Each structure stands twice: as C-alpha cells, then as structure tokens.
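In: Model the structure of this input:
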Amino acid sequence: MQTMFSKIQGYEIRYTNKEEFNILKDEIFNKEIYNVTINPGVTSPTIFDLGAHIGLSVLYFKIKYPNSRIVAFEPNSNIFPILQENIECNDLTNVELHNIALGSKNEIRTFYIDSSGIDAFSTGSFNKDAWNGEQKSTPISVKCEQLSKYITEGIDILKMDIEGAETEVLKELIDADKLKYIKNILIEYHPINGGNSKNIISLLNENGFETVTKTDEYGTTLINILAKNISKKSS
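Out: This next block holds a predicted model:
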C-alpha cells in the first residue's frame, strides 16, 4: 500500500488514494459539510467522530475547535495506522483513537474493504461491495462494540460516516438511553440498495431532534443530515 503526502493549512497529511483524498478534502475543508453551530459559550467541545478514515474530519474539527476533545473510531485495520500517524505527526492533542466498528452488539463482525488495488478505503462497510454495490471488496474481521459504553457525558457533536450502520447505532443509543446526551449529529449518508434517509430522519425526529438535509449536486449519491437536539430531556 503506497502512501502519499499533502498539506492542508500547514498540516501534513498521509493518504493512500489521490482521487479519494481530493474529494474528501473538498467536501470537508471547502464545502465544510461538517460545519455546525454549537453553543458559543462552549470553548472545549466534546466531539465523537464515527468513521474517521485517515483523520481529515479530525483535523477539520481541531482547526475549528483547537481545545476540543475528540474521540474517533475507525474499524479498518489497514487504514488505522495512517490515521494514527496523521494525528501524531501533527501534534494533535486530546484525540482518542479506537480501531473498532460500532453496532448493536459487542462482537466480531465481517467488514468489507476495497480490494480493487486502488486503496479507496473510505467506503468500508458491513455491506459487501460498498454502498453502491459497484466497488470490488474483500471481507476482514473487525471488533464491533456498542457506542453507548463510550458515552458518559454530554457530546457537542457526533459525526457519523459509517456507510449503512447509522440506524443500528442510533437504535442502540436509544435503547441505552444515551441519545439524549448528544446535542448535534452530523450524518453523511449514502443511499444503499435503493433505500433513502427517511427512516433515519424519522428516528431522530421521534427522539427529540430537529433535522435538516442537504443533497449533493446529483441528488442521489450523498445526503448530509444535520440533527439538533431540541428535546427538554437532553443532558
């Protein structure tokens, strides 16, 4: 696996696929798909990054909120060392990394990653051949845990880019009575097998969240969901 280098706002970033890197860089730093307004009085927000990949989203949050505490999850053991290196070589502090998947149970699960030879690992998923069914993928075994065990206090931003496991993770948080701890949820959703985001939005609305959606220029391949906790029960 060949590693390449680039710089973003003075930070050095390692990556494996140039086309994928440029797309993600444009989405995160130019289009700012993870931009969300939090309470202006919060100077040290707690941020959970689900599906951290090589750490571009972690870097974005650290630039925007230098004093933030970030807990990041990335299940792909092939890309996790690059995530670690990008955090360490840029001296990003108060960042906690976990090489695990997230789901409804604590177990070992089959996870599918790109096997085309181009190392496009941002589409890793429990679904074979990625969200569009077109990518050639290979199975690996990953450790899967419940997200609720990591939530012990309020979370200002929960970012999810977990390729089809969104509903499963949200339901687990609801069952554990932990969704109320989260103030803002950012979901990057790819419609899978002809599905849509209606179930996710309904689930969030039913549990005290106000949602706004934005589609990409094609209106079909990427939906960004911003959910704000407006429930009086929120912690």
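In: mind listing what the nearest residue to Pro45 once chain neighbours are set aside touches?
Out: Closest residue to Pro45 apart from its sequence neighbours, by CB to CB, 6 or more residues apart in numbering: Asp156 at 3.7 Å. C-beta: built from backbone N, CA, C; applies to glycine. Asp156 makes contact with 38-39, 42, 45-47, 183-184 under the criterion CB atoms under 8 Å, 6 or more residues apart in numbering.
In: Pull out the buried residues from these.
Out: Neighbour-count burial (16 or more other CB atoms under 10 Å) applied to these gives 38, 45-47, 183-184.
In: closest to Phe126 among the residues you listed?
Out: Distance ranking of the buried ones among the contacts of Asp156 against Phe126, using CB to CB, places Ile47 first at 23.7 Å.
In: Which helix or which strand is home to the closest one?
Out: strand 46-50 (DSSP states H and E).
In: what about the following helix or strand past that strand, average pLDDT?
Out: Note on strand 46-50: by DSSP H and E, the next helix or strand toward the C-terminus is helix 56-64. Average pLDDT, helix 56-64: 97.
In: what's the answer for stretch 187-195, then?
Out: For stretch 187-195, mean pLDDT is 72.
In: rewinding a little: angles on the backbone of the residue nearest to Pro45, please.
Out: Here is the backbone geometry of Asp156 (degrees, to the nearest 10): phi -80, psi -40.
In: related to what we said a few turns ago, next, format the contacts of Asp156 as TSV and append distance to Glu166 and pLDDT.
Out: Listed next are the contacts of Asp156 as TSV, based on distance: CB to CB, whole Å; pLDDT from 0 to 100:
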residue	distance to Glu166	pLDDT
Ile38	21	94
Asn39	25	89
Val42	25	93
Pro45	22	98
Thr46	20	98
Ile47	17	98
Lys183	18	97
Asn184	15	97
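In: Most widely separated two among those?
Out: Asn39 and Ile47 (13.4 Å).
In: residue ranges of the strands in the protein, please?
Out: Remark: strands assigned in the chain by DSSP state E are 4-8, 11-15, 46-50, 69-73, 95-98, 101-102, 107-114, 137-145, 157-160, 184-189, 209-215, 223-229.
In: re the thing from before, which of the contacts of Asp156 sits closest to Lys25?
Out: Ile47 (19.2 Å).
In: The closest one pairs with what?
Out: Beta-bridge partners of Ile47, counted by DSSP bridges, are Ile70, Ile157.
In: go on, Met4?
Out: Going by DSSP bridges, Met4 forms beta bridges with Tyr15.
In: in this protein, which segments are predicted with low confidence?
Out: Residue ranges of the chain with pLDDT under 70: 116-123, 129-135, 192-196, 216-221, 232-235.
In: try 90 this time
Out: Across the chain, residues meeting the criterion (pLDDT under 90) sit at 1-3, 17, 20, 39-40, 111-138, 163-164, 188-199, 213-224, 231-235.
In: thinking again about what came up before, quick one: the strands of the chain as TSV, columns for distance to Lys62 too.
Out: What follows is those, written out as TSV (distance: least, CB to CB, whole Å):
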stretch	distance to Lys62
strand 4-8	11
strand 11-15	9
strand 46-50	9
strand 69-73	7
strand 95-98	7
strand 101-102	21
strand 107-114	26
strand 137-145	24
strand 157-160	12
strand 184-189	16
strand 209-215	24
strand 223-229	20
